[in-house]
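Asks: sequence first, predicted coordinates after that:
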Amino acid sequence: MNSTTDPAAIRTVAVIGSGNSGRNFALACATAGFRVVLEDLIPGNIRHAQEALAGAALSSGGSLEFATTIDSAVRDADLVVDFVPDELESKLELFCLVDRMAPPRTLLLTPSDALSITDLASCTYRGEQCFAVRGEFADVARGGVVRLLHPAETSESSLHSVAEFLRAVGSVVEIAVDQDAPMLVKNLR
């Protein structure tokens, strides 16, 4: 059985970006019982995150680790969630790095109110394992409603795993196919 066929297979979550949103999301995941690796390329950001999260109460089984390289953060990840700026160049760079460095089973999830997950997924070898979320994603632990978007070619097991993960950290999940498919493809049809 492929590890993405079982929602419980998401055990290790890499959170890329340790600003307030990434830090709060990492804490919500660890509190929900996941092993979390929080990464930021800027050493000062990781130090601030470590200080802010020192002594945080985690549930049994949950843990929070820190990394200063994407490679070390994603090498064992079942799911990678980024909190980089919602700009095409930033997201594309991160998707390409994660695609190259993470195990083949790893799912990618990105908060984005502006970008098409279909476009981002097309730049990876794991397009059926890429997802975007719209809504109050940074506040998922407060029961916020999020819209989970996926390309049309998404693996059902991957979709189920990501939706169950989001529910486990406190979100109310609405699932939809990405309607922001690439303009080039729309114009050719």
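Replies: Cool, got the structure. Residues are numbered from 1 along each chain as shown.
Asks: CA only for contacts and neighbour counts going forward, please
Replies: Noted.
Asks: tell me which residues form a beta bridge with the residue nearest the centre of the chain?
Replies: Geometric centre of the chain, nearest residue: V81, 2.0 Å, by Cα atoms, centre = their mean. Per DSSP bridges, the residues bridged to V81 are V15, L109.
Asks: shouldn't it be in contact with S112?
Replies: No: if you go by Cα atoms under 8 Å, V81 and S112 don't touch, sitting 11.3 Å apart.
Asks: got the confidence number for the residue nearest to A30 when sequence neighbours are not counted?
Replies: Using Cα to Cα, 6 or more residues apart in numbering and skipping residues adjacent in sequence, the residue nearest A30 is G62, 4.6 Å away. Note for G62: predicted pLDDT of 90.
Asks: didn't G62 look like it was pressed against A28?
Replies: No: at 9.8 Å, G62 and A28 do not qualify as touching, with contact defined as Cα under 8 Å.
Asks: which of the residues in stretch 52-71 are buried?
Replies: L58, G62, S63, L64, F66, A67, T68, I70 (16 or more other Cα atoms under 10 Å).
Asks: quick one: contacts of that stretch?
Replies: With contact meaning Cα atoms under 8 Å, 6 or more residues apart in numbering, stretch 52-71 is reached by 16, 23, 26-27, 29-43, 46, 50, 73, 97-98, 101-102.
Asks: lowest confidence element among the helices and strands of the protein?
Replies: Lowest by mean pLDDT, DSSP states H and E among the helices and strands of the chain is helix 183-188, with a mean of 37.
Asks: okay, now the nearest residue to P111 once chain neighbours are set aside: neighbour count?
Replies: Excluding the flanking residues, the one nearest P111 by Cα to Cα, 6+ apart is V133, at 4.8 Å. Neighbourhood size, V133 [other Cα atoms under 10 Å]: 22.
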